[in-house]
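Enquirer: What follows is a predicted protein model with its sequence.
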Amino acid sequence: MSLNHELADLFKTFAAIMEIKGEPVFKSIAFSKVARVLNDMTFDIRDAVEKGTLEDIEGIGKSSRKIIEEFVRTGKSSDFEDVAATVPPGLIPMLQVPGLGPKTIALLWKQRGVTSIDELSKAIAEGRLEGLKGIGEKKIEQIKQGLTMREQAGRRMGIGEALPIAEALLQQLRKIKGVKQAEIAGSLRRRKETIGDVDVIVGVAKPSDMPVIAEAFTKFPQVDRVLGQGESKSSIVTESGLQVDLRIVPIENFGAALQYFTGSKEHNVKLRGMAQEHGLTLNEWGLYRISDYEKATKEPARPPACKPIASRTEAEVYDALGLPYIEPELREDRGEITAAIEKSLPVLISRADIRGDLHCHTTASDGTATIDQMAQAALALGYEFLAITDHSKSQVVANGLTAERLFAHAAEIRRANDRIKGIRLLAGCEVDILADGHLDFDDAVLAELDFVVASPHVALRQDTEKATARILRAIESKYVNVIGHPTGRLINQREGLPLDFARIFTAAAATGTALEINSGYPRLDLTDTVARAAIGAGCMLSINTDAHSTDGLNWIDYGINVARRAWVTPRHVINCMPLKKLMQFIAKKR
DNA sequence: GCCGTTTTCGGCCCGACTGTTTTCAGTCG
């Protein structure tokens, strides 16, 4: 784990301890924010310590600066250790149990001596929780369920699994009578790589339809169990273990609800702060004048009885706050609100900007489709070019090509290129970057190709120095056009190479080597924050599917999602270049 | 604890739901 992440964990734990100790809530919010900032950061926090610029980073103040400085110097924080010593460490994971919050945890600890999840289970089994003030029978049952849920849920689900499930539910919802509009909200709409649960918003014309729809939703065939159902809200868990929360609102309030539940929480906190500066208040029902809103009568699950300034669409809400529309993928409180105020939001890349795929496989190595089939599939997507990049010889399990087979394959790609009209096929290879940075083929072989992707596949547990030197060496090869899945990470499965990105970016930008956003799930490598730092450093990116079948080419959307979260525009991506410009990009490096 | 084109003090986002309660506390997103 990198130093940044170690520190982020420290601040996260620090914040949790403060919550349990009942310290003023804003203190723990402040430290949680420091944790988030550290997690999102793409440079080494050591750099800021050395330059003395720590306090220039938003969210880091005097206290957290001291903690970070001491930690960088000594590998520990005495402030943290002092506080941590006052609370049993087993209490912190208890915060992840649904239904258990800091107040209840403190109560269980002080009144019943419960100091860990295991002890909590035991205490419940032995009936030792009875007689606590504020904890009744139902609460105990809720905690019990929370404990089993936590065991089952474990980690967050990847977007590649969650999105298809959510979209199927959406289609079913749209067919229910009375549903005027239905959209995915939450982190899934922001296209985060993993999600905790799915939020779906439905707009209705008639309030009387709301409970009917809430109930119909709980009867969908893929529902495994119902967690709760109210007037305007239901919560279910699908057979695949995905929690889905449905909220139903009058269609007039749809935009405000969609905005509110899309988040992120941090983005919304900033927006609501802005609203207040204008004498307005923003909530899930709409944007209101504070004076109107305070006088209005309010009922649960119904909009307040006063006229909103904006509520029908998200665009109206942003507009009324004096902002242009902010794309969901940007709503992470990573500078998008400032950019919106300054009218400098990026025009994000979209599917229509992609002119071709530059990394895919055929039956020549481990793909399932032929050159012709892949070419036809690419044509059907409207592509102008496709690079066929089968594996090199080290990838024995993937039927990697020897130099002789590669030459024959390249000749076949070129014949296909002559035969198939309307698309340019590039004869390429995905060559292995070996552990020491050597490529799997020497220059004489690579010189025969039109296009080269170089990727790490083995030795993915190297330290930063070795791993960085390895990738740098590949970047220096004049035949390498793209570094494929640069870190080798797999979501929820493998950390990947701990690269020193600043050095990688400098070399990639200087040599004209593109860095890949691999669209294949669970790769999605580079990640959003790293890709954003890459374009900030002047690098070109390449968004590719690494498809092993014709269907695989459709995964491009997942790579585009990452790119959009990274503030990427078409001019940052070589797949958006017209063919002629792409060929110039390749030629320039040789 | 952090922050500041009204500021170095005094704010810091908001509502629904649940459970345990007669008016509120805690949790969640």
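Expert: Happy to help now that I have it. Numbers count the residues shown, from 1 in each chain, chains lettered A, B, ... in the order given.
Enquirer: CA only for contacts and neighbour counts going forward, please
Expert: Fine.
Enquirer: Low-confidence regions, the stretch 451-590 of chain A specifically.
Expert: Per-residue confidence for the stretch 451-590 of chain A (pLDDT under 70) gives no ranges below the cut-off.
Enquirer: Show me where it has its strands.
Expert: Using DSSP state E, counting those that start in this stretch, the strands assigned to the stretch 451-590 of chain A run over residues A:451-455, A:482-483, A:514-518, A:541-544.
Enquirer: Looking at those strands, spot the one closest to A:D525.
Expert: Comparison of the strands of the stretch 451-590 of chain A against A:D525 by C-alpha to C-alpha identifies strand A:514-518 as nearest, at 5.1 Å.
Enquirer: now that closest one against strand A:451-455, angle please.
Expert: Using axes from the mean of the first three to the mean of the last three C-alpha atoms, to 10 degrees, the direction of strand A:514-518 lies 70 degrees away from that of strand A:451-455.
Enquirer: residues in contact with strand A:514-518?
Expert: Contact with strand A:514-518 is made by A:481-486, A:508, A:524-527, A:531, A:539-546, A:559, A:562-563, A:574, as judged by C-alpha atoms under 8 Å, 6 or more residues apart in numbering.
Enquirer: Spell out whether the lowest-mean-pLDDT helix or strand in chain A and DNA strand B are in contact.
Expert: For chain A, counting by mean pLDDT, DSSP states H and E, helix A:137-153 ranks last in confidence among helices and strands (a mean of 78). Yes - counting by C-alpha under 7 Å from any atom of the strand, DNA strand B has neighbours in helix A:137-153: A:137-140, A:142.
Enquirer: residues in the stretch 451-590 of chain A within reach of DNA strand B, list them.
Expert: Residues of the stretch 451-590 of chain A lying close to DNA strand B by C-alpha under 7 Å from any atom of the strand: none are found.
Enquirer: So A:A427: helix, strand or coil?
Expert: Of the three states, A:A427 takes strand under DSSP: H, G, I helix; E, B strand; the rest coil.
Enquirer: Could you report the distance from A:F451 to DNA strand B?
Expert: Spatial separation of A:F451 from DNA strand B under the definition C-alpha to the nearest atom of the strand, to the nearest Å is 45 Å.
Enquirer: How many neighbouring residues does the closest residue to A:R571 other than its chain neighbours have?
Expert: With C-alpha to C-alpha, 6 or more residues apart in numbering as the criterion, A:R571 has its nearest non-adjacent residue at 7.8 Å, and that residue is A:M577. By other C-alpha atoms under 10 Å, the residues close to A:M577 number 19.
Enquirer: list the buried ones in stretch A:281-291?
Expert: For stretch A:281-291, burial by neighbour count (16 or more other C-alpha atoms under 10 Å) applies to A:281-282, A:284-290.
Enquirer: contact partners of that stretch?
Expert: Under the contact criterion C-alpha under 8 Å, 6+ apart, stretch A:281-291 has outside partners A:253-261, A:271-272, A:275, A:279-280, A:293, A:303-304, A:307-311, A:317.
Enquirer: Out of those residues, which end up buried?
Expert: A:253-261, A:271-272, A:275, A:280, A:293, A:303-304, A:308-311, A:317.
Enquirer: Tell me what A:A547 is bridged to.
Expert: Legend: beta-bridge partners of A:A547 under DSSP bridges are A:C360.
Enquirer: and it, what does it touch?
Expert: A:359-361, A:367, A:520, A:553, A:555.
Enquirer: Can you tell me how far it is from DNA strand B?
Expert: 34 Å.
Enquirer: quick one: that residue and A:A257, what's the gap?
Expert: Distance of A:A547 to A:A257, given as C-alpha to C-alpha, to the nearest Å: 37 Å.
Enquirer: near DNA strand B, which residues of the stretch 51-200 of chain A?
Expert: On the criterion C-alpha under 7 Å from any atom of the strand, DNA strand B has as its neighbours in the stretch 51-200 of chain A the residues A:55, A:57-65, A:95-105, A:133-140, A:142, A:186, A:199.
Enquirer: Weed out the non-buried ones from those.
Expert: Of the members of those, the ones counted as buried by neighbours, 16+ other C-alpha under 10 Å, are A:55, A:59-60, A:64-65, A:95, A:97-100, A:102, A:105, A:140, A:186, A:199.
Enquirer: and the two most separated of these?
Expert: In those, two members sit farther apart than any others by C-alpha to C-alpha. They are A:E55 and A:I140, at 44.4 Å.
Enquirer: what's the residue lying farthest from the centre of chain A sitting at in phi/psi?
Expert: Taking C-alpha atoms, centre = their mean as the measure, the residue most remote from the mean C-alpha position of chain A is A:G131, 43.6 Å away. Dihedral angles phi and psi of A:G131 (degrees, to the nearest 10) take the values phi 90, psi 0.
Enquirer: re the thing from before, output the contacts of A:A547 as TSV; include the columns neighbour count.
Expert: Formatted as TSV, the entries for those read as follows, by neighbours: other C-alpha atoms under 10 Å:
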residue	neighbour count
A:H359	28
A:C360	27
A:H361	28
A:G367	22
A:G520	24
A:L553	23
A:W555	18
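Enquirer: Widest-spaced pair of those residues?
Expert: Greatest spatial distance in those: A:G367 and A:W555, 15.0 Å, computed using C-alpha to C-alpha.
Enquirer: quick revisit: which members of the contacts of stretch A:281-291 are positioned in strands?
Expert: Using DSSP state E, the members of the contacts of stretch A:281-291 that fall within strands are A:L280.
Enquirer: and DNA strand B, which of the contacts of stretch A:281-291 reach it?
Expert: A:261, A:272, A:303.
Enquirer: so which of these comes closest to DNA strand B?
Expert: Of all these, the one with the least separation from DNA strand B (C-alpha to the nearest atom of the strand) is A:R272, at 4.5 Å.
Enquirer: distance of the residue nearest to A:R571 from DNA strand B?
Expert: Distance from A:M577 to DNA strand B, counting by C-alpha to the nearest atom of the strand: 39 Å.
Enquirer: Next: A:M18.
Expert: When distances are taken as C-alpha to the nearest atom of the strand, A:M18 and DNA strand B turn out to be 9 Å apart.
Enquirer: Is A:R565 in contact with A:I326, as I believe?
Expert: No - using C-alpha atoms under 8 Å, A:R565 and A:I326 do not qualify as a contacting pair, with a distance of 11.7 Å.
Enquirer: These two: which is more packed in?
Expert: The neighbour count for A:R565 versus A:I326, taken as other C-alpha under 10 Å, is higher for A:R565 (25 against 17).
Enquirer: show me what contacts the more buried one?
Expert: Contacts for A:R565 were tallied using C-alpha under 8 Å, 6+ apart; they are A:190-191, A:329-330, A:528-529.
Enquirer: Return the closest of those residues with respect to DNA strand B.
Expert: Set against DNA strand B, the nearest of the contacts of A:R565 by C-alpha to the nearest atom of the strand is A:R190 (12.8 Å).
Enquirer: contacting residues around the closest one?
Expert: Applying C-alpha under 8 Å, 6+ apart, we find A:R190 in contact with A:262, A:328-331, A:565.
Enquirer: A:Y383 now?
Expert: A:354-357, A:423.
Enquirer: Over to it. Which of the three states is it?
Expert: Looking at A:Y383 with three-state DSSP, the answer is coil.
Enquirer: Could you pull out the buried residues of stretch A:458-477?
Expert: Residues A:460, A:462, A:466-477 are the ones in stretch A:458-477 that count as buried (16+ other C-alpha under 10 Å).
Enquirer: er, stretch A:373-383 I mean
Expert: By 16+ other C-alpha under 10 Å, the buried positions in stretch A:373-383 come out as A:374-379, A:383.
Enquirer: Alpha carbons of that stretch, as CSV, please.
Expert: Coordinates of each C-alpha in stretch A:373-383 appear next as CSV, following Å, rounded to 0.1, in the frame of the first residue of the first chain:
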residue,chain,number,x,y,z
GLN,A,373,-15.2,-11.1,-37.9
MET,A,374,-13.5,-8.5,-35.7
ALA,A,375,-13.2,-6.2,-38.7
GLN,A,376,-16.9,-6.5,-39.5
ALA,A,377,-17.9,-5.9,-35.9
ALA,A,378,-15.8,-2.8,-35.8
LEU,A,379,-17.4,-1.6,-39.0
ALA,A,380,-20.8,-2.1,-37.5
LEU,A,381,-19.7,0.2,-34.7
GLY,A,382,-18.9,2.8,-37.3
TYR,A,383,-15.2,2.6,-36.6
